[in-house]
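> Got a sequence here, can you model it:
(one chain, ligands or ions: 1)
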Amino acid sequence: MDRSDVEAVKARINISDIVRRYVDLKPVSGRWMGACPFHQETKPSMSVNDDEGFFYCFGCQASGDVIDFYGRINGVDFRESLEQLAAEAGIELGNVPHDPHAAERKARKQMLMDMHDEANQWFQRNLALASGDHCRKYLADRGMTPEMIARFGLGYSPEDWHGLDNYLRTRGRDPESGVDAGLLSKNEKGNIYDRFRGRLIFPIQNLSGRVIAFGGRIITDGEPKYLNSSDTPIYKKGDHLYGLNLARSTMTRSKRAILTEGYMDVISLHQFGYTDSCGVLGTALTSDQVKRLAGFCSRVDLVFDGDGAGRKAAMKSSRMILLQGVACKVVLMPDGEDVDSLLQTKGAEGFEACMKEAPDGLTFCMNTLRAEYAPRDIMAWAKSFLSELSDGSLRAYYLPRLASGLGLSEADFRRDAGGTPPTRNPQHQPRQAQRAPQQQKPQPAMGVGKDYADDRYFLRFTIQYPDYCPELVGRGLGQVLRTDWARALWEKLATTQHGQITSLLNEHEKGFYFQCREELRDNGLSGRELQDEWNHICSKITFEQDKLDKRQLNEAIRQAYQNGDTERAMQLLALKKSPQEG
Ligand SMILES: [Zn+2]
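Next comes the predicted model:
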């Protein structure tokens with residue numbers, strides 16, 4: 001992606017214009033303030049800065065530029081968000097011909113979506129025809145109302161090897177494109193035929209409401225019971241959630257998502273008023289799906305079958321959700337029931353009763369672990385959970401809760417589970433060894449402690465007063481930073497123009513960056529005060545450098561002794577004793 005595209009979109013669009021579509025913004029002492037849509041709150045704590053083009057929430061620290069905001073609230077990734085905003089602003093992306101196939105690919109995707117629209121209309125028409133009688137009867141028997149059938153756009157694919165194939169041909173479509181779209185199949189002999197036959201059809205829509213795939217349930221006997229579209233250029237398994245486009249507006253209001261497994265379960269939940277429900281699409285829940293949901297709500301309630309398979313799925317899914325720092329509850333259906341059957345027989349009251357009993361995700365995991373796993377498996381689970389947390393600060397949150405859930409003291413657990421991130425001790429390690437290459441490692445997490453606080457202090461100043469950056473480079477600030485996190489951020493600050501930096505920052509860095517910029521508005525220094533602060537920064541860098549030099553000297557002396565080079569060691573020792581001023 002071209003950074004100039006990002007800058008062009010940000011320059012053309014006022015962030016407050018976009019935010020205002022979702023949030024009521026009011027001017028408060030020179031800035032826009034509104035209720036944050038990313039966490040539950042009543043008093044407005046989200047600030048929107050048009051001058052610098054970012055938003056920052058004082059409550060949950062959500063932050064970013066206009067592309068981040070749009071992506072997060074609409075549950076689309078950065079690229080998609082950039083494209084949609086660029087289209088609105090009338091900016092042609094990447095007019096530099098760095099990707100000669102982009103236009104071609106876009107046209108192809110458009111064509112695939114158009115074919116899905118055509119197929120969708122054909123499926124829906126078939127449900128209304130006489131050939132769809134038994135499918136309509138099936139839906140009626142399962143208590144599905146006409147309103148729901150229309151809302152979810154259900155259709156029917158007749159028992160015909162060439163029904164859709166022929167229809168698409170009449171629309172001038174090439175059968176090979178039908179195969180690429182995942183609507184038709186091709187056997188070894190090269191014969192092309194309908195992928196969905198004799199099935200109730202559930203269209204799968206993206207967030208803009210375009211149909212991008214289908215799910216099909218067999219109506220009579222046959223295998224497999226459920227069949228989904230295969231991956232195509234417009235649909236990737238594990239990226240989408242069934243019904244999310246219909247559920248998202250309720251989710252942003254209720255701050256909750258109900259997540260279940262089957263198509264019919266989702267529709268039944270909507271029918272009974274739970275319009276914040278959506279479904280995983282025939283795969284295990286992925287972190288991408290959780291991130292999508294987290295853009296709309298702060299809690300995900302899992303609704304799964306109460307049998308062994310359902311419990312296992314609930315365990316995996318709640319772990320995935322907790323890892324992303326999202327709250328969750330686990331609602332298991334009584335024996336032999338699924339959500340659909342429970343709602344149809346016992347109504348919303350029956351479902352509410354299950355909801356009331358439901359434990360939160362972490363408690364569910366702990367209970368299941370204690371009941372079904374050996375102690376060593378439990379510890380392995382806890383260790384891997386801590387190591388996979390998406391955000392270092394979540395570790396501090398989960399550690400005591402996991403410890404008490406496992407009946408361990410926090411200190412013991414911290415030691416056994418490797419709860420403390422490995423700390424570097426600058427006293428005992430030569431500088432080179434501390435600065436191991438970072439490219440292969442996951443993003444360094446922000447941390448706690450004095451080193452971390454010092455680093456933040458330096459970087460906050462750099463971010464708030466970027467004019468001083470070149471001089472900070474000259475004074476060697478990079479050498480005195482101690483944490484990986486700070487060094488990675490400094491690298492970017494030192495090598496990028498102030499106005500262009502934000503498109504290079506990762507999520508944590510952005511949070512910190514925008515927080516610093518936001519603080520500047522109320523507590524900015526100038527004149528004498530700024531000069532004093534600058535002097536303090538300079539003397540602190542000098543002080544840290546002296547410490548660093550001494551450490552390096554000590555290390556060199558130690559090395560010389562170790563190598564038996566006494567003469568060199570004595571020389572170095574003399575250097576150490578000579579007064580600094582001399
Ligand atoms: Zn917030």
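> quick one: low-confidence parts of this structure?
For the chain, the stretches flagged by pLDDT under 70 are 1-2, 95-100, 102, 390, 418-449, 577-582.
> ok, which residues in this structure are in contact with the ion?
Residues of the chain lying close to the ion (C-beta under 5 Å from the ion) are 36, 38, 39, 57, 59, 60, 62. Bear in mind the C-beta positions are built from the backbone N, C-alpha and C, glycine included.
> I'd like those residues as JSON lines, with secondary structure and distance to residue 163 appended.
Shown next, in JSON lines, are the residues of the chain next to the ion (DSSP: H, G, I helix; E, B strand; the rest coil; distance: C-beta to C-beta, whole Å):
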{"residue": "36", "secondary structure": "coil", "distance to residue 163": "50"}
{"residue": "38", "secondary structure": "coil", "distance to residue 163": "46"}
{"residue": "39", "secondary structure": "coil", "distance to residue 163": "49"}
{"residue": "57", "secondary structure": "strand", "distance to residue 163": "52"}
{"residue": "59", "secondary structure": "coil", "distance to residue 163": "54"}
{"residue": "60", "secondary structure": "coil", "distance to residue 163": "51"}
{"residue": "62", "secondary structure": "coil", "distance to residue 163": "48"}
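> among these, which ones are buried?
36, 38, 39, 57, 62 (16 or more other C-beta atoms under 10 Å).
> Just to check, the last one is in contact with residue 36?
Yes - between residue 62 and residue 36 a contact is recorded at 6.4 Å, counting by C-beta atoms under 8 Å.
> now residue 284, what's its secondary structure?
When states are read from DSSP: H, G, I helix; E, B strand; the rest coil, the local structure at residue 284 comes out as coil.
> Tell me the residues that contact both of residue 62 and residue 36, please.
Here residue 62 and residue 36 have residue 46 as joint contacts, going by C-beta atoms under 8 Å, 6 or more residues apart in numbering.
> Pull out the buried residues from the host helix or strand of residue 547.
Using DSSP states H and E, residue 547 falls within helix 527-562. Of all the residues in helix 527-562, those buried under the rule 16+ other C-beta under 10 Å are 534, 537, 540, 541, 544, 548, 551, 555, 556, 557, 560.
> Determine the set of other helices and strands touching it.
Contacts defined by 3 or more C-beta pairs under 8 Å, 6 or more residues apart in numbering; DSSP states H and E place helix 527-562 against helix 431-434, helix 450-464, helix 477-480, helix 566-577.
> now the angle from the second one to helix 527-562?
Meaning helix 450-464. 140 degrees (axes from the mean of the first three to the mean of the last three C-alpha atoms, to 10 degrees).
> so residue 198 makes contact with residue 221?
No - applying C-beta under 8 Å, one finds residue 198 not in contact with residue 221, separated by 9.9 Å.
> Surely residue 237 touches residue 212?
No - using C-beta under 8 Å, residue 237 is not in contact with residue 212, being 11.6 Å away.
> Can you name the residue of the stretch 201-350 of the chain nearest the ion?
Of all residues in the stretch 201-350 of the chain, residue 298 sits closest to the ion, at 9.3 Å by C-beta to the ion.
> Help me confirm that that residue comes into contact with residue 255.
Yes - under the criterion of C-beta under 8 Å, residue 298 lies in contact with residue 255, with a separation of 5.1 Å.
> Name the residues contacting each of these two.
Residues touching both residue 298 and residue 255 (C-beta under 8 Å, 6+ apart): residue 40.
> Need the residue closest to the centroid of the chain.
residue 291 (3.2 Å; C-alpha atoms, centre = their mean).
> what sits up against the helix or strand that contains that one?
Using DSSP H and E, residue 291 maps to helix 287-294. Residues outside helix 287-294 that contact it (C-beta under 8 Å, 6+ apart) are 75, 238-241, 244, 251, 257, 259, 278, 280, 300, 320-321, 323-324, 326, 390.
> Show only the entries of those found in helices.
244, 251, 320, 321, 323 (DSSP state H).
> got the residue ranges for the strands in the stretch 101-250 of the chain?
Along the stretch 101-250 of the chain, counting by DSSP state E, counting those that start in this stretch, strands occupy 155-157, 184-186, 192-194, 199-205, 211-218, 226-228, 241-242.
> Format those as a markdown table; extra columns: mean neighbour count and distance to residue 510.
Output for the strands of the stretch 101-250 of the chain, formatted as a markdown table (neighbours: other C-beta atoms under 10 Å; distance: least, C-beta to C-beta, whole Å):
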| stretch | mean neighbour count | distance to residue 510 |
| --- | --- | --- |
| strand 155-157 | 27 | 43 |
| strand 184-186 | 18 | 44 |
| strand 192-194 | 19 | 48 |
| strand 199-205 | 24 | 30 |
| strand 211-218 | 22 | 30 |
| strand 226-228 | 19 | 36 |
| strand 241-242 | 28 | 25 |
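> and those strands as a markdown table, adding distance to residue 489?
Output for the strands of the stretch 101-250 of the chain, formatted as a markdown table (distance: least, C-beta to C-beta, whole Å):
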| stretch | distance to residue 489 |
| --- | --- |
| strand 155-157 | 51 |
| strand 184-186 | 50 |
| strand 192-194 | 54 |
| strand 199-205 | 39 |
| strand 211-218 | 38 |
| strand 226-228 | 42 |
| strand 241-242 | 33 |
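> So for residue 483, which of those sits nearest?
Closest to residue 483 of the strands of the stretch 101-250 of the chain is strand 241-242 (C-beta to C-beta; 36.8 Å).
> by contact count, what packs against the closest one?
With contacts taken as 3+ C-beta pairs under 8 Å, 6+ apart, strand 241-242 sits against strand 277-280, helix 287-294.
> Which residue is it, in the stretch 401-550 of the chain, that comes closest to the ion?
residue 511 (11.2 Å).
> element containing that residue?
With DSSP H and E as the test, residue 511 turns up in helix 507-523.
> packing partners for that helix?
Short answer (3+ C-beta pairs under 8 Å, 6+ apart): helix 507-523 packs on strand 46-49, strand 54-57, strand 63-65, helix 450-464, helix 484-495.
> Could you dump the ones you listed into JSON lines and include distance to residue 107?
As requested, these are arranged in JSON lines below (distance: least, C-beta to C-beta, whole Å):
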{"stretch": "strand 46-49", "distance to residue 107": "36"}
{"stretch": "strand 54-57", "distance to residue 107": "34"}
{"stretch": "strand 63-65", "distance to residue 107": "29"}
{"stretch": "helix 450-464", "distance to residue 107": "42"}
{"stretch": "helix 484-495", "distance to residue 107": "36"}
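> mind checking which of those is nearest residue 339?
strand 54-57 (33.9 Å).
> contacting residues around the closest one?
Contact partners of strand 54-57, identified using C-beta under 8 Å, 6+ apart, comprise 15, 19, 36, 38-39, 45-49, 62-65, 69, 502, 514-515, 517-518.
> Check stretch 300-313 too.
With C-beta under 8 Å, 6+ apart, stretch 300-313 has contacts from 256-261, 265, 269, 277, 284, 290, 293, 314, 317-318, 321, 326-335, 337-339, 355, 358, 361, 368.
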